[in-house]
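>>> after the sequence you'll find the predicted model.
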Amino acid sequence: MPVKRVLRAAGPGAATALVALVTLVSCASAPAKSTQHRHGSPGPSPRTVRLPPLHAGFDYQIGGAYRPPSGVGIVSRDRTATPAPGLYNICYVNAFQVQPGEERDWPADLLLRDAHGEVVVDRDWDEALLDIGTPDKRERVAARVGRWIDGCADKGFDAVEPDNYDSYTRSRHLLGADDATAFITLLSARAHARHLAIGQKNTAELAGLRARTGLDFAVAEECGEYDECGTYANAFHDRVVVIEYTDSGLRKARARYGKRLSIVRRDVDVSTPGSADYVRRTR
């Protein structure tokens, strides 16, 4: 899967305002019961799960699996791939949108539609948005995505990374943050039931709701470039893996968080070694 963040990046100002609002809301919510404490960080999971190691070498391989370089302790791969032996493995799932060409695999009423009945599409990636706007539809979509999560567990992954948490921002105001958080909470329950940790993918403005949603760690694209790494680090007690797609982003992330977070520079297509576009650096 190609990365999603690069074409969707918004300026940090709006995110900062939303973070403040979300923090106020989350403070009023009772934290979920923790069953795991590592390095003093709370884990909101209702079941014991294995969390990603702190500040470990990281490789982002959602564009194709290959042998991880020396020093890597955490790897993220697509759900169709197999885990890397001996490492902490995160399973990538496109949970809020539909892979191009797979629209017919979904019931027609689970594709988000506008007032004219047209399917709402993320034009950057040609992906239809899933309709999570009612409790019934959230349950139905979560049941289907849940089978993918089960597949990740059956393969031996340690965690799952549901992508496009922020798709409500591309829904033409048909979906809201409440819909997204209610849906991700269902996915968290499914992941924890299979003893998988679950990561928040981007969407810094909702990081403060992690106790409510049950999310365990963060997968942050370009948080160095857009000055968001601190938001994730604070919300998830440094249990954050970072992917930067520019040298400047890598420098910024490393300058402030190089001793705390797991950071890697990848190429935008997340290509494999041997490709002319392949880039992987940690410094």
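Thanks, I have the structure now.
>>> ok, what's across the strand from the residue nearest the centre of the chain?
For the chain, K201 is the residue whose C-alpha lies nearest the centre (Cα atoms, centre = their mean; 2.0 Å). Note on K201: beta-bridge partners by DSSP bridges are V219.
>>> pretty sure it contacts Y165?
Yes: K201 is in contact with Y165 according to Cβ atoms under 8 Å; the separation is 5.3 Å. The C-beta positions use only the backbone N, C-alpha and C, and glycine is treated the same way.
>>> just the pLDDT for the residue nearest to the centre of the chain.
We have a pLDDT of 98 for K201.
>>> now do the nearest residue to G176 once chain neighbours are set aside: how many residues are near it, please.
Closest residue to G176 apart from its sequence neighbours, by Cβ to Cβ, 6 or more residues apart in numbering: Y168 at 5.7 Å. Per other Cβ atoms under 10 Å, the neighbour tally for Y168 reads 24.
>>> tell me the SS of the most far-flung residue of the chain relative to its centre?
Of all residues in the chain, H116 has its C-alpha farthest from the mean position, at 31.1 Å, by Cα atoms, centre = their mean. Following DSSP: H, G, I helix; E, B strand; the rest coil, we place H116 in the coil state.
>>> got the contact list for it?
H116 makes contact with no residue under the criterion Cβ atoms under 8 Å, 6 or more residues apart in numbering.
>>> ok, now V98?
Taking Cβ under 8 Å, 6+ apart, we find V98 in contact with 105-106, 111, 127-130.
>>> one more time with 7 Å
Listed by Cβ atoms under 7 Å, 6 or more residues apart in numbering, the contact partners of V98 are 106, 127-128, 130.
>>> before we move on, the earlier item: quick check: phi and psi at the residue farthest from the centre of the chain.
phi -100, psi 0 (degrees, to the nearest 10).
>>> gap between it and D124?
From H116 over to D124 the distance is 21 Å, taken as Cβ to Cβ, to the nearest Å.
>>> just V268 next, same as before
V268 sits 12 Å away from D124, taking Cβ to Cβ as the criterion.
>>> more neighbours: those two, which one.
Between V268 and D124, V268 has the larger neighbour count (other Cβ under 10 Å), namely 15 against 12.
>>> what about the more buried one, which SS state?
coil.
>>> can you tell me how far it sits from G249?
From V268 to G249 the distance is 12 Å (Cβ to Cβ).
>>> so which residues of this structure form helices?
For the chain, the helices defined by DSSP state H occupy 12-27, 135-155, 177-193, 210-213, 229-235, 247-257.
>>> could I get these as CSV with mean pLDDT, distance to A276 and mean neighbour count?
Shown next, in CSV, are the helices of the chain (pLDDT from 0 to 100; distance: least, Cβ to Cβ, whole Å; neighbours: other Cβ atoms under 10 Å):
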stretch, mean pLDDT, distance to A276, mean neighbour count
helix 12-27, 38, 32, 14
helix 135-155, 98, 30, 17
helix 177-193, 98, 36, 21
helix 210-213, 95, 39, 22
helix 229-235, 98, 30, 22
helix 247-257, 98, 18, 17
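>>> those: which one's closest to T82?
helix 135-155 (5.9 Å; Cβ to Cβ).
>>> which elements pack onto the closest one?
Counting contacts by 3 or more Cβ pairs under 7 Å, 6 or more residues apart in numbering; DSSP states H and E, helix 135-155 is packed against strand 88-94, helix 177-193.
>>> contact partners of that helix?
Helix 135-155 has contacts (Cβ under 7 Å, 6+ apart) with 79, 82-83, 91, 93, 95, 110, 130-132, 160, 182-183, 186-187, 190-191, 194-196.
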